[in-house]
Each structure stands twice: as structure tokens, then as C-alpha cells.
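Novice: sharing a model prediction with you, sequence too.
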There are 2 protein chains.
Amino acid sequence: MPAMHEIGAAEAARRIRSGALSPSNLLAACLRRIDAVESAVGAWARLDRDAAARVAVQRDIEAREGRFMGPLHGVPIALKDIFDAAGVPTAGGAPAWAVRTPTTDADSVARLRGAGAVPMGKLATTPFAYFDPSATRNPWNPEHTPGGSSSGPAAAVAARMVPLALGSQTIGSILRPAAYCGVVGFKPTHGRISANGVMRLAESLDHVGIFARTVEDCALALSLLAGRAEGDRGARAAGAEDYVAAIADAAAPRIGVLASLMAQATPGMGKHLEAVIQTLESAGARLVEVTLPPSFPVLAEAGTTVLRAEAAAAHAGLYARHGGEYPPRIKELIEAGHRVAATEYLAAQAARHAARADLDAVAGRYDALLAPTIGAPAPRGLTATGDPSFCAPFSFAGLPTLALPTTVDGSGLPLSAQLIGRAWGECRVLAAAAWCERAIAFDAAPPL
Amino acid sequence: MPAMHEIGAAEAARRIRSGALSPSNLLAACLRRIDAVESAVGAWARLDRDAAARVAVQRDIEAREGRFMGPLHGVPIALKDIFDAAGVPTAGGAPAWAVRTPTTDADSVARLRGAGAVPMGKLATTPFAYFDPSATRNPWNPEHTPGGSSSGPAAAVAARMVPLALGSQTIGSILRPAAYCGVVGFKPTHGRISANGVMRLAESLDHVGIFARTVEDCALALSLLAGRAEGDRGARAAGAEDYVAAIADAAAPRIGVLASLMAQATPGMGKHLEAVIQTLESAGARLVEVTLPPSFPVLAEAGTTVLRAEAAAAHAGLYARHGGEYPPRIKELIEAGHRVAATEYLAAQAARHAARADLDAVAGRYDALLAPTIGAPAPRGLTATGDPSFCAPFSFAGLPTLALPTTVDGSGLPLSAQLIGRAWGECRVLAAAAWCERAIAFDAAPPL
């Protein structure tokens, strides 16, 4: 039986509802775990012990009275520090001049809070959710990067400090750190979850997503998070579907293998993913080689133009006052964005949408596409956050993607497979992921 | 009893359904009218007599057998020549190098065709739907402009050559010519009607809309045209509502009068609209003065930046090959668009969306807002298309607007009132317009 801090979100919610577990005890177990391992990891930007304890006690009382706020009643969560939580500073991993204290929750935070979750605080992010690293270390090996920009969420969930965290991905900021840290990272379709109250990097490309240790936890969280919010231009009118039901009895999936991307990973990663494919086939899945559409390379190119321009626009006010103090990588991005012409930006958006449609048509023919999440395990060193190039095209296409941990390699670092669904096809790709998760049966934890 | 070519679309559809009128006879009446007046007006870019006759005969046969394709069975329609109709060249009022022959209908054209309408051909447009004039004349006085860019639709519907026409508005291209020509011009919320298959000027601002001689005809057409189409990024998921039922028994509306805009019209127009207000009040409407939000001027400024950049992007390919041959006004627009930075464009979009929300909140407090459609009647001369400044802010806000003819002034030219609704509030603004139409009881026709 796992220790209390190792229990996933859905399982914790079930135990709380059955009376077998109290929110305060669960929170206390997570806090003890943080006390034990945080100094080695550095996942937290701000831990709100007292506020979390007060909320947990309230959830205790309600649970004892048989009243449950929602599906996450009493379950601890944490937020990448670009998500607004009312009354708590949003620092964005940035210098003090960028910090502001919002008066309202981000839509996503309000939804989880309303479902009974117990927010524990803010997790580390790279500055402004870009490539300048944070101080967080990889729980599997402190000499290696946890990835970025959602370094804190990936490391905290991997280190069993919290079962569920909110993160964001514009290029590769959920799936890459999830892969480097051996957890499940899930980025739904662009616009599926409202990004209101989340610090912007590039509006057309910013996705809100989920870190957890199981696919089920991702499905549960999405069922609470999905749906349009007033005033969010990206979010879609379509409401939530029943993602939890969708994964409950998933059939053996039909998976399209993106062989050309497999070939771009290191030989070790390529060989490992071949073994994963064997495992899935042995378990009954059908895997077929799939060719990417000719427009696929356009995604990275056009997405980069959109990213630059929109980042420059999002930072315009702050950059005018503090340009000289920006960290170097995002400074370079913003400077490049200021050189993009509107016509160039609009042509890139049109090209991106056309390439997205091409890729979506391919994705729609399978339950999921399979590709590497990362070309190699987390690189050594804390001065860079690793290579997002296996994630970026799918971010720029806005398709739902999920990083599934597959094994721990000879050097003690986790590996990962990326599953890609068609736009708005979260039920189908989550079902495929849940099936693959059972077949692969990854259950390693970092040696902390 | 009106002559056959004077019957509106809904009334014609009713007579065809009852057996009192045949599609071929109605088409023949419209063609005779065209033979009589087109040389004085110049509304048509391309009249497809034989194709229309073949379709009408087919609708005759079906009607005799009691089979009706839809609510426009046998009703003639015509298209501004920026709408694609399969197999017919789309010229866009432009030089020969811009002409292309599409293989499929625009979404809007397919919908009207599918509802039984009989397409008669293409109507004049200013080149590329911008400010360089077409050769069309105002049916009320051939020395005066019919307005633009939907010069042909406004003139043809006014001159009783066709009861219903599709047009488009990016700045003031439906309501202004409708006002100059004494017909009803209706532009629903941006995205309410798919713009797939319509020549683009500026994607964020292009609206598909309707020319007719009654509000009922606009409601009927919208009930067929509304709803999302696959691949149209602007169009909304929301389907059609019952616009025809909405106007059937409209109660006396509550109308917000935009006094600051009334003050910007010529004294004659201002005085006339005061009389219109008196008429509406006497008939039982409640009219109250409304102040525009402080952000209102931002709409024109930000919209112009968006217009320039998006027009330059939409024309990029053609302009690279034929820039030297472009008409002067659109050439100037495109050149200005090439000088817009992406950050400037994105800031303008953000400002426009914020100002739209402010204006929408005001509009939502009334059944309709009332403003001048035009500052003065159609100006003399055919070298310019008149002033769109009373329409432009509402185009740039994407709100539904309707031009209602109110009277013919001492010089023999029509005047008009503009009704503005809140976003996606077509039922409410159409009901208000139908009520006002009855109270005003405009029934003049051009002296042709």
C-alpha cells in the first residue's frame, strides 16, 4: 500500500469520500514529504502552509457531515507560478518588478477550488515561462534539469509532494518537464481550458494543462477544467465531456507511429520506443507507421514567428519599463518579436492554421499518434531546460498531447512517449493513453 | 397591389408556396425590370439569364408537385461579385488579373441555393470591396453615388431588379449603400454568417450581410444563413435562432439614442432623425439618451490598424505580382498595411476587443441603439462612395447593425436610421427593427 503522499488525486478523492482519509491528514502527509525532499528539489516558489491547512480543515468538517464540494474534495493541488490565485502574488519566476497580486483566481484555479481542491501554493516556473532556467532540480538526479518552463509542477508531482498541479505549455513546457521527471503531462486542445488569469507568453499558443501521476487524474482534472469562460477569446464554447467515463473501459487503441520523428531521437530513445511499441502490440494494440503531412515543418517555422510577435505584444508594457533587466533568452525573443511585420505575422498564422488542419486530418484517423516526447533523457546541468523540438509542432498545432512515462533508463532517468490526438478529441486520446498506461505499467519513483 | 418585381422575398415565397406565383414568372418579371432600368443603374456585373431560367423551371416543376426545397423556393437572389458561385467567375470589381472561377459555392450561397433560391448572377462591387468606386449609379438620382462597396446589391434591390442580395461590410459597405439607396441593409454579428468563399478584405472585420426591402426578408435570410461552417475561423458554433418568429409580434422596443453621433450628422439629417424619434415615441417606443463608453473612439483607430494589416496580408500574393496595377485607394491601404508592425497589430486587436466589450455592455441594456446610418444623403458624383464613419465603429466592434430607410428628403434622396444590437443579439435587434419599420412606414421607390 502506497504512503499517503504517494496516492494520486482520483484515488485520494475516493478515499476522502468514503471516509477512509481526511483532507487534513492528506495535506499533512504532503507537507511532511515537502519538508523531507524540497531542499533537494527546489520545486516551490511559495508554499502556503497555513492557508492550505485552513481550507483542509474546512473540507474535513464538510466531509464528516457528508457534504462534498466536488470531485476533488480535500485533494491538494499546486499551481505553476503564472496562475493567478486571489490575494497571492503571481511572480512568474521573474524579478520583483514583474510581481503583481491579483484579486481574483484564474478561471482554472477557481474551477479546481470550486471542486473542493486544497491549493497548497505556487510552484517554480522559468522566468515568464520561457527558456531561462529556474533553480529547480530533477528529482531523479539533482545534477540534471527538470526541464521547463513548468519545472516546479513536474518536479513536485514527480517527488510526490502534491498529486496534481496546473502548468502551461506554449512550446514544450508541460510535456518536456513531465517526460524528464517521469510523470504524466497533459496538454488538451488549445482553448479547451480557459487561460484567463494565466500570465501570457503567446496568446495563440498558450495552453493550460495538467501534471499528475496517472492518466485517470488528468481525465478527472480535465472534466473540471474544460469549457469556455466569459472573456477568454481562445476558449471554446464546447463544454466538458465525460473524460473519466471515456477512459474507464478503453478498448485496445489503433495508434499511428510517427516514424520520421522516432528517427530524430537519440538511438537509445529510438530503441526504447521500439520496445514500447512491441509491448503495446503484444498487449493487443494495433500500431501502424504514419507519414507526416508535407506541411508539418511549417508548424515550427510559422509557430516561431507567432510566438515572437505575440510575446513582444504581451510584454510590451513591462518591457518598455524594464527591458534592460529581462533574462537573456526571453529578451532575445521579445527583441525578435519587435522586428516581425504584421503581414509576416498574419501569413504565419494562416500557414499555421493550414498545417494544423493537415496534421489534424492525419491524427483523426487514429486513436492517437505516437512520437518521442523528448529526444533524450533530461540533460545534465541547470543552465538550460532541454530541447522542446518534439513537443513544439504539436503545441503550434494546438492538438491535445500527453506525455506518458515509460521506463527509467540505465542512467536512472525516466523516458517517455508522446501521444497526440486530434483537435477536441480528448476523450479518444485519453482513452488510448489510459490503455497504454496499463500495458506499460510504469511505477518507478525518484530516489529521494 | 404591387407589380410582381416589387414583391419582397418572404411574400414571394409565400405566393409560390400557395401556387399563386410561379418561380419562372417571378424571374421573368425581374428580368423585364432589369431590361427596363439596368442601363440607367449599372448594378450588374454579370447576369446569368439562362442559368437562372433553368433553375426557375426546375423550381416550377417541384412547386407544381408540392415539393419545396426550402423557405426561399423559387425566389430570385443575386450576389455581390465577391461571393463565389460554383463555375461562375468571381471578379471582385477588379481588373482581369484578379478574376478566378471557383469550383464551389461560398457557404452562404450554398445555403440560399439549398433553400430553393434562384441565383440570377453577380452584382457590382467596388474593386476588392474597398473605396475605389464602381460604375453603378444611385437609382434615386444617377448623378449621385449608390455608396460602396456593395454598390450593386444596394442599387439592384432598390431598383426592384431582385428582392434579395448578399453583400459584405468591413467598414460601412452594407449599411451605407443601403441608406443611400433607400433599402434595408443588415449586417449580423461578426461570424454569425460564414465568410468562406467570400473574397477577403480583412478577416477580423469582414461581415457577410443582406440587402432587402423589408426587415422580414432580412430575418428570413438570416434564418437560412446563420451558423458555423467547417473551416471558417470566424464563424461561431451557435446555430440559427428563429429570427422570423422573433419579429412576428415584436413589442414596442426600448431604444438607446446615441446623441453624440446624432450631433455629428448634418443639421438636416439630425433634424430628420429627431422627427423619427418623435414618430417612434408616438407609436409607443421608449427612447432614452445613451452616452457612448469612453473607449468608443478606440474602435475606429484600432480597427483601421487591423484593416490595413489584414488587407495587406490578404492581398500579399496578388499584390506582389500586380501591385502597380491596383486601384489607388486600395493600393494606399495595402501600402499602409505593409508598414504595420506585428506588435502594433496585436495591440490594436486587444484594444478593439476591449472597446467592443464596453460597447456591447451598453448595447445589451436596450433592444437597440439608434444612430445615423449616414451623416447626409448620397453625395453627388461617382468618383467617391461617401462617408462610412457612422458605420465603421460598429463594424470594427462586430455588433449587428441594420439600416432602416426612413424618408425621401427634399432633394429626392433617401435618409436612414441605424439600429445597433448587442453581439449575438440578432433576435432582439431584428424585432426592434421590424417594429420601427411598421411605425415609420417607409414605402417610397426610386423614380425609374
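Specialist: Thanks, I have the structure now. Since we're looking at a predicted model, the values are computed, not measured.

Novice: so which bits of the worst-scoring helix or strand of chain A on mean pLDDT are buried?
Specialist: Across the helices and strands of chain A, mean pLDDT, DSSP states H and E gives its lowest value to helix A:243-248, namely a mean of 94. Residues A:Tyr243, A:Val244, A:Ala246, A:Ile247 are the ones in helix A:243-248 that count as buried (16 or more other C-beta atoms under 10 Å in any protein chain shown). Using the backbone N, CA and C atoms, a C-beta is placed for each residue, glycine as well.

Novice: output those as a markdown table; include the columns distance to chain B.
Specialist: Below are those laid out as a markdown table (distance: C-beta to the nearest C-beta, whole Å):
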| residue | distance to chain B |
| --- | --- |
| A:Tyr243 | 20 |
| A:Val244 | 24 |
| A:Ala246 | 21 |
| A:Ile247 | 26 |
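
Novice: which residues sit against stretch A:435-448?
Specialist: Here stretch A:435-448 makes contact (C-beta atoms under 8 Å, 6 or more residues apart in numbering or on different chains) with A:6, A:36-37, A:40-41, A:139-140, A:158-160, A:181-182, A:184, A:214-215, A:250-253, A:255, A:276, A:279-280, A:283, A:285, A:368, A:404-408, A:412, A:414, A:417, A:419.

Novice: could you do stretch A:135-143 as well?
Specialist: A:37, A:40-43, A:124, A:144-147, A:151-152, A:155, A:158-159, A:180-182, A:378, A:380-382, A:408, A:411-414, A:446-448.

Novice: which of the residues you listed are buried? Put it as a ChimeraX command.
Specialist: With 16+ other C-beta under 10 Å as the burial test, the buried ones among the contacts of stretch A:135-143 are selected in ChimeraX as follows:
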select /A:37,41,42,43,124,144,145,146,147,151,152,155,158,159,180,181,182,378,382,408,413,414,446,448
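
Novice: could you export the least confident helix or strand of chain A as PDB, CA atoms only?
Specialist: What follows is helix A:243-248 as a C-alpha-only set of coordinates in PDB (Å, rounded to 0.1, in the frame of the first residue of the first chain):
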ATOM      1  CA  TYR A 243     -13.400  12.200 -19.800                       C
ATOM      2  CA  VAL A 244     -13.400   9.900 -16.800                       C
ATOM      3  CA  ALA A 245     -16.000   7.600 -18.300                       C
ATOM      4  CA  ALA A 246     -14.100   7.700 -21.600                       C
ATOM      5  CA  ILE A 247     -11.000   6.100 -20.000                       C
ATOM      6  CA  ALA A 248     -12.900   3.600 -17.800                       C
END
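
Novice: and it, what does it pack against?
Specialist: helix A:215-225, helix A:426-440 (3 or more C-beta pairs under 8 Å, 6 or more residues apart in numbering or on different chains; DSSP states H and E).

Novice: other residues contacting the very next helix or strand once past that helix?
Specialist: Heading C-terminal from helix A:243-248, the first helix or strand you meet, by DSSP states H and E, is strand A:254-258. Residues from elsewhere that reach strand A:254-258, judged by C-beta under 8 Å, 6+ apart: A:277, A:280, A:285-290, A:292, A:362-363, A:365-371, A:419-420, A:432, A:436.

Novice: list of residues touching whichever helix or strand comes after strand A:254-258?
Specialist: Using DSSP H and E, the helix or strand that follows strand A:254-258 towards the C-terminus is helix A:259-262. Contacts with helix A:259-262, where a contact means C-beta under 8 Å, 6+ apart, come from A:Gly270, A:Leu273, A:Glu274, A:Glu289, A:Val290, A:Thr291, A:Leu292, A:Ala371, A:Pro372, A:Phe390.

Novice: off-centre distance for helix A:259-262?
Specialist: 23 Å (C-alpha atoms, centre = their mean, to the nearest Å).

Novice: list the buried residues for it?
Specialist: Neighbour counts using 16+ other C-beta under 10 Å place A:Leu261, A:Met262 of helix A:259-262 among the buried residues.

Novice: for the helix or strand just after it, packing partners?
Specialist: Next in sequence after helix A:259-262, counting helices and strands by DSSP H and E, comes helix A:267-282. If you count contacts as 3+ C-beta pairs under 8 Å, 6+ apart, helix A:267-282 packs onto helix A:259-262, strand A:286-290, strand A:368-372, strand A:401-408, strand A:414-420, helix A:426-440.

Novice: what distance do you get for A:Val408 to chain B?
Specialist: According to C-beta to the nearest C-beta, to the nearest Å, A:Val408 stands 43 Å off from chain B.

Novice: quick one: A:Ile440 from B:Thr304, how far?
Specialist: Plainly put, A:Ile440 is 56 Å away from B:Thr304 if you go by C-beta to C-beta, to the nearest Å.

Novice: swap in A:Ala86?
Specialist: Distance from A:Ala86 to B:Thr304, by C-beta to C-beta: 38 Å.

Novice: quick one: which of the two has more around it?
Specialist: Neighbours were counted for A:Ala86 and for B:Thr304 using other C-beta atoms under 10 Å in any protein chain shown; B:Thr304 has more, 17 against 14.

Novice: quick check, A:Ala350 in contact with B:Ala313.
Specialist: Yes: with contacts counted by C-beta atoms under 8 Å, A:Ala350 reaches B:Ala313, the gap being 7.4 Å.

Novice: ok, these two, which is more surrounded?
Specialist: B:Ala313 (28 against 16).

Novice: helix or strand: which one has the more buried one?
Specialist: Here B:Ala313 is assigned to helix B:296-314, by DSSP H and E.

Novice: strands of the stretch 101-250 of chain A, start to end?
Specialist: A:118-123, A:165-169, A:184-187, A:207-212 (DSSP state E, counting those that start in this stretch).

Novice: tell me which of the ones you listed lies nearest to A:Arg32.
Specialist: strand A:118-123 (12.7 Å; C-beta to C-beta).

Novice: hmm, who's touching the closest one?
Specialist: Taking C-beta under 8 Å, 6+ apart as the rule, strand A:118-123 contacts A:23, A:27, A:30-31, A:43-49, A:51-52, A:55-56, A:59, A:74-81, A:83, A:85, A:88, A:90-91, A:109, A:112-113, A:150-153, A:155-156, A:162, A:165.

Novice: which of these are buried?
Specialist: Neighbour counting by 16+ other C-beta under 10 Å classes A:23, A:27, A:30-31, A:43-48, A:51-52, A:55-56, A:59, A:74-81, A:83, A:85, A:88, A:90-91, A:109, A:112-113, A:150-153, A:155-156, A:162, A:165 among these as buried.

Novice: just the ones in strands from the contacts of strand A:118-123, please.
Specialist: Among the contacts of strand A:118-123, DSSP state E puts A:Trp44, A:Ala45, A:Arg46, A:Leu47, A:Pro76, A:Ile77, A:Ala78, A:Leu79, A:Lys80, A:Ala165 in strands.
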